[in-house]
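Visitor: Need a 3D model of the sequence below.
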Amino acid sequence: MSGQSDRYAVIVGAGLSGSLMALYLARRGWRVDVYERRGDPRLASAEGRSINLGLSARGMRALAAVGLLDAVLARSVPMRGRYIHTGGPELAYQPYGTRAGEVLYSILRADLNRLLIDHAEAHPAVRFTFGQGLTALEPEKGIAYFQGGATVHAPLIIGADGANSAVRGQLEQHGLTTTSITVPDWGYKELTIPPADDGSARTPLEGLHVWPGGGHGLMVAHPNVENSFTATLFLPERELSRLDTREAVAGFLAAYYPDTLALMPDGVDEWLRHPVGHLITVRTRPWHHKGVVLIGDAAHAVYPFYGQGMNSSFEDCLVLDQCLTRHAADLPRALAEYERLRKRHTDVLAELSERNFVELRDKLRSPWFRLRKQVDLVLHRLLGPVWLPLYTMVSHRAVPYATARLRARLQELTLLTLLGLAVIALPLLLLR
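Guide: The predicted structure follows:
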């Protein structure tokens, strides 16, 4: 594409947000070139490091806006709650909500990425180029340089190239943005719970499975459509480094995750074969300069423990599309409004994701913690929209993250105040 039209965009990164954004732009009359440094994921093996994804309300809304929700749900497994493995034969179960629609959907990242690329590429205004990463950027001029010698001028350049974004790196080199990156001393291994010999699921399928290991990690497992589960075991780096023999891995699983030995017959071999993945939080300011803008993990990567990384990235696409539509004749204003509407909320999401890691790892075994969650659900069931648990606002509604956190704090204060008044009033009533 020549780039002569004002409605021409270059997207760097053909991952989830980049592919979806291409479709959004094309439907609005933009011509779009998408450049990806990796090969075409539709031609590669699906095996690799990619934590399974939990699609929730924000992501569903963004997919529905471009007519893709039904196609995605057809490749997904509903998760109606979480099953908590505490070491015994019985599983504790926590529903995600009180209404039929308060459900999450598990989908393999690779499956979703292929679907998004297929649908975006089918639009005549979109072209994908694989195997050509960004090598340099002139933000003031809107010129991008790629491997293979391509030089592209575009009014709009979108960095959708993940937590290690080359576009963000170029903006930093030009002194146009600053980034704070947090890398905890935790990593993860991906494992598989295969179907049983008869093809059925080895453990209840329609839910997220959680093994709270406290000081010895955390494991979660997402269901897949063929009755398998993709499990991810998070551990401190010091423990990961010492688990390098069959004996060490088998002994560790037997001691802290005993039921996984039966659920994952090849778990030890997978552990030794699979590489260690790493977590990262990215905070960037600003997200844009002139016609260059960041979306998704390139702007705000978060830990995966609230299940909102993909969903917030898809919400970026929806909001950016709305801003570009409202300010079609003023691109800098559209990008500034997009950042104003999104940044403070994704900063809060990073905090929520870090906090939820502690809850999943350390608190799910506590009966008191589970009781407190049940109280929220009961109040929600009784009071409806008057009382919304934080998880409901984040995952089953599209309440902005900062607004949801503030409302949850006010509800917590209200509940504590009422309990305090009850404690004071009860002795007085008994004395009457």
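Visitor: The residue nearest to G199 when sequence neighbours are not counted: neighbour count?
Guide: Nearest non-adjacent residue to G199, counting by CB to CB, 6 or more residues apart in numbering: N227, 6.4 Å away. For the C-beta atoms, the positions are set from N, CA and C on the backbone; glycine is no exception. Using other CB atoms under 10 Å, the number of residues around N227 comes to 17.
Visitor: need the contact list for N227.
Guide: 195-196, 199-201, 205 (CB atoms under 8 Å, 6 or more residues apart in numbering).
Visitor: Sitting in strands, which of those residues do you find?
Guide: The members of the contacts of N227 all map outside strands under DSSP state E.
Visitor: Derive a PyMOL selection command for the buried subset of these.
Guide: Restricted to buried positions by 16 or more other CB atoms under 10 Å, the PyMOL selection for those reads:
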select buried, resi 201+205
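Visitor: and the contacts of N227 as CSV, adding distance to G159?
Guide: CSV is the format used below for the contacts of N227 (distance: CB to CB, whole Å):
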residue, distance to G159
P195, 39
A196, 44
G199, 43
S200, 44
A201, 39
L205, 37
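Visitor: Touching stretch 55-70 from outside, list them.
Guide: 20, 23-24, 27, 72-73, 76, 104-107, 115-116, 119, 307-308, 310-312, 314-315, 317-318, 321, 394-398.
Visitor: which strands and helices sit next to the host helix or strand of R409?
Guide: Using DSSP states H and E, R409 sits within helix 401-431. Packing contacts for helix 401-431, counted by 3 or more CB pairs under 8 Å, 6 or more residues apart in numbering; DSSP states H and E, involve helix 331-358, helix 390-391.
Visitor: Kindly recompute the last result at 7 Å.
Guide: helix 331-358 (3 or more CB pairs under 7 Å, 6 or more residues apart in numbering; DSSP states H and E).
Visitor: Can you find the helix or strand of the protein with the lowest average pLDDT?
Guide: helix 367-383 (a mean of 81; mean pLDDT, DSSP states H and E).
Visitor: Show me where the stretch 51-200 of the chain has its strands.
Guide: Under the criterion DSSP state E, counting those that start in this stretch, the stretch 51-200 of the chain contains strands at 53-55, 77-79, 81-84, 92-95, 104-107, 126-130, 134-138, 143-146, 151-153, 156-159, 178-182, 186-193.
Visitor: Please identify the deepest-packed of those.
Guide: The highest mean neighbour count among those, using mean count of other CB atoms under 10 Å, belongs to strand 156-159: a mean of 28.
Visitor: returning to what we had before: right, so of the strands of the stretch 51-200 of the chain, which gets closest to H380?
Guide: strand 92-95 (11.0 Å; CB to CB).
Visitor: tell me what that closest one is packed against?
Guide: The helices and strands touching strand 92-95, judged by 3+ CB pairs under 7 Å, 6+ apart, are strand 81-84, helix 367-383.
Visitor: ok now that strand, how far from the chain's centre?
Guide: 22 Å (CA atoms, centre = their mean, to the nearest Å).
Visitor: Many thanks, have a good one.
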